[in-house]
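Colleague: sharing a model prediction with you, sequence too.
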Amino acid sequence: MKIKTAIFLITIFLSLATCFSENMWKPTFQLEFGSNGANSSLNERWSIRQYLGVSDYFDEHNTLYTYMNVAYLGIKPEISFFDNKIAVSSGLRYYNVHCELSSTDYTNDLAAFFYLRYNSSGINTEYAKIYGVYETSHYMGISLDIKLIPISFPNIDIYLKTGLDFGYKISSNTNINFVNSSMEAYEKEILSDLGIKTNNFYSSWNSSIGITYGSRDKLRYSFEILLPSLFISKDNSSLVDSKVYSGVKLLIGLPTK
């Protein structure tokens, strides 16, 4: 029974393969570059006190803000089906996740400081006066994309794409910009006491609309605009929380002969 099932599946696979374009077995190798900006908010595990002892209210001119960007580059083969109407691609990708927490006094166009509580034991509470916190994490992983090409002109394709990203953290570094430089000696200790870590695994779902220019037997250039997409993994940063992102991507494709 198992042999008959295997033969049946192989027969179906070979039948479908003959229906696909002959270009199916001639992948295009793509080099991709992208940058995604995320809507972010402060991770509440950071005990931030803005202008402690100076003002008891939050002035709209003194804004504490968060920032998160995911830049990446990768290489992947793309295989087309059904006369180049559908394409599937998967390959290696490097991710650089950069996050910031800082404050600026827009009334004076100067860097403003705020306070970070790093020790609270009994009646003693200790704060560090800082300008900002900056974190960069590096991931290596894979991407998997499916592309639908509903509109084609000579040398131009307009397409929709959806995909998944998976990455594993290879390194992460967090730096505190202290107002008092003498506090730099305690940076590792403060970060250790806070005990906030980034996730070792990164994953996201994305969708985009794009355009490709170039002959199919030569270099092809693609530009994509990411539609609002979602992070699947949590704690992609120790500084900020984020669920939604968007961005742009550039791809250069080289067909195989």
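Modeller: Here it is on my side, so go on.

Colleague: pLDDT weak spots in the stretch 51-200 of the chain?
Modeller: Along the stretch 51-200 of the chain, segments meeting pLDDT under 70 span 51-63, 104-111, 120-122.

Colleague: where along it do the strands fall?
Modeller: Along the stretch 51-200 of the chain, counting by DSSP state E, counting those that start in this stretch, strands occupy 62-81, 86-105, 110-111, 114-121, 124-153, 156-178.

Colleague: Asp217: which of those strands is closest?
Modeller: Asp217 lies closest, by C-beta to C-beta, to one member of the strands of the stretch 51-200 of the chain: strand 62-81, at 12.9 Å. C-beta coordinates here come from the backbone N, C-alpha and C atoms, glycine included.

Colleague: strand partners of the closest one, parallel vs antiparallel please.
Modeller: Applying DSSP bridges, strand 62-81 is found paired with strand 28-42 (antiparallel), strand 86-105 (antiparallel).

Colleague: dump those to CSV, plus distance to Asp217 and mean neighbour count.
Modeller: Converted to CSV, the strands paired with strand 62-81 look like this (distance: least, C-beta to C-beta, whole Å; neighbours: other C-beta atoms under 10 Å):
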stretch, distance to Asp217, mean neighbour count
strand 28-42, 10, 17
strand 86-105, 16, 19
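
Colleague: skip the chain neighbours and tell me the closest residue to Ile170.
Modeller: Residue nearest to Ile170 in three dimensions, not counting chain neighbours: His138, with 5.1 Å by C-beta to C-beta, 6 or more residues apart in numbering.

Colleague: tell me what the one you found is bridged to.
Modeller: So, taking DSSP bridges as the rule, His138 has Asn96, Ser171 as bridge partners.

Colleague: quick one: it from Tyr94, how far?
Modeller: Counting by C-beta to C-beta, to the nearest Å, the separation of His138 from Tyr94 is 7 Å.

Colleague: list phi and psi for the nearest residue to Lys197 once chain neighbours are set aside.
Modeller: Nearest non-adjacent residue to Lys197, counting by C-beta to C-beta, 6+ apart: Ser238, 6.0 Å away. Dihedral angles of Ser238 (phi, psi; degrees, to the nearest 10) stand at phi -80, psi -10.

Colleague: number of residues surrounding the residue nearest to Ile170?
Modeller: Number of residues near His138 (other C-beta atoms under 10 Å) recorded here: 14.

Colleague: run through the residues that contact it.
Modeller: His138 sits next to 94-97, 169-172 when contact means C-beta atoms under 8 Å, 6 or more residues apart in numbering.

Colleague: could you do Ser35 as well?
Modeller: If you count contacts by C-beta under 8 Å, 6+ apart, Ser35 has them with 69-72, 247-249.

Colleague: so for stretch 206-213, what gets flagged as buried?
Modeller: 206-208, 210, 212 (16 or more other C-beta atoms under 10 Å).

Colleague: still on that earlier bit, which of the strands paired with strand 62-81 sits closest to Ser242?
Modeller: Closest of these to Ser242 is strand 28-42, at 4.2 Å (criterion: C-beta to C-beta).

Colleague: so for the helix or strand following that closest one, mean pLDDT?
Modeller: Once the chain leaves strand 28-42, the next helix or strand it forms, by DSSP states H and E, is strand 48-49. For strand 48-49, mean pLDDT rounds to 76.

Colleague: ok, residues contacting strand 48-49?
Modeller: For strand 48-49, contacts defined as C-beta under 8 Å, 6+ apart pick out 42, 64, 101, 114-117, 127.
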